[in-house]
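Enquirer: just a sequence and a predicted model for now, questions to come.
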Amino acid sequence: MYLDTSVVVKLYVAEPDSAECEVQLDGGGLVSSELLFGEFYSALLAKERGGLIRAAQREEAWLQFAEHVAGRRIHLLPLDGEVVREARAIMAATHPTVPLRTLDALHLATFRTVDAGPLFSKDQRMNAAARHLRLPVVGET
């Protein structure tokens, strides 16, 4: 299953739908882009700045995530020039129906490089783009 940042945050920081996200995990391999490494940390910092978590909670979530990546519970796929070019093609293919952001297009391009099962995202725009591209999405497969 391919995870995007919107889901990963919910797996490490308690949010109203965190339990629902845990249930959706299929027990198989979890995959994402190396992009997740920066995006997840940025999301943790934003939650701390917003007063939603404390610094100690941010650090604990980060350490747990880093352990899961090191132990291959979450496998991060390389972000390279081919993926970047595919992201451009995805933005073109979804325009103007879905105004896809660059980082979301990079996730979708990475997703297309691997047979990981469905895309699991809580980002409505990313899910709309995936449906537009006829890619499998959790809850719709």
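Expert: Okay, I see it.
Enquirer: quick one: the strands in this protein, in order.
Expert: 2-3, 30-33, 74-77, 119-120 (DSSP state E).
Enquirer: return the most buried member of these.
Expert: Comparing these by mean neighbour count (mean count of other Cβ atoms under 10 Å), strand 2-3 ranks first with a mean of 27. Where you see a C-beta, it was placed from the backbone N, CA and C, and this is true even at glycine.
Enquirer: quick one: mean pLDDT over that strand.
Expert: Per-residue pLDDT over strand 2-3 has a mean of 97.
Enquirer: which strands and helices sit next to the helix or strand of the chain with the lowest mean pLDDT?
Expert: Lowest by mean pLDDT, DSSP states H and E among the helices and strands of the chain is helix 18-24, with a mean of 91. The contact analysis (3 or more Cβ pairs under 8 Å, 6 or more residues apart in numbering; DSSP states H and E) places helix 18-24 against helix 5-12.
Enquirer: any idea how far the residue most central in space within the chain lies from residue 31?
Expert: Residue closest to the mean C-alpha point of the chain, counted by Cα atoms, centre = their mean, is residue 4 at 0.8 Å. Residue 4 is 11 Å from residue 31, where distance means Cβ to Cβ, to the nearest Å.
Enquirer: with residue 19 instead?
Expert: 22 Å.
Enquirer: next one: residue 123
Expert: Distance from residue 123 to residue 31, by Cβ to Cβ: 17 Å.
Enquirer: equivalent analysis for residue 84, please.
Expert: With distances taken as Cβ to Cβ, residue 84 is found 18 Å from residue 31.
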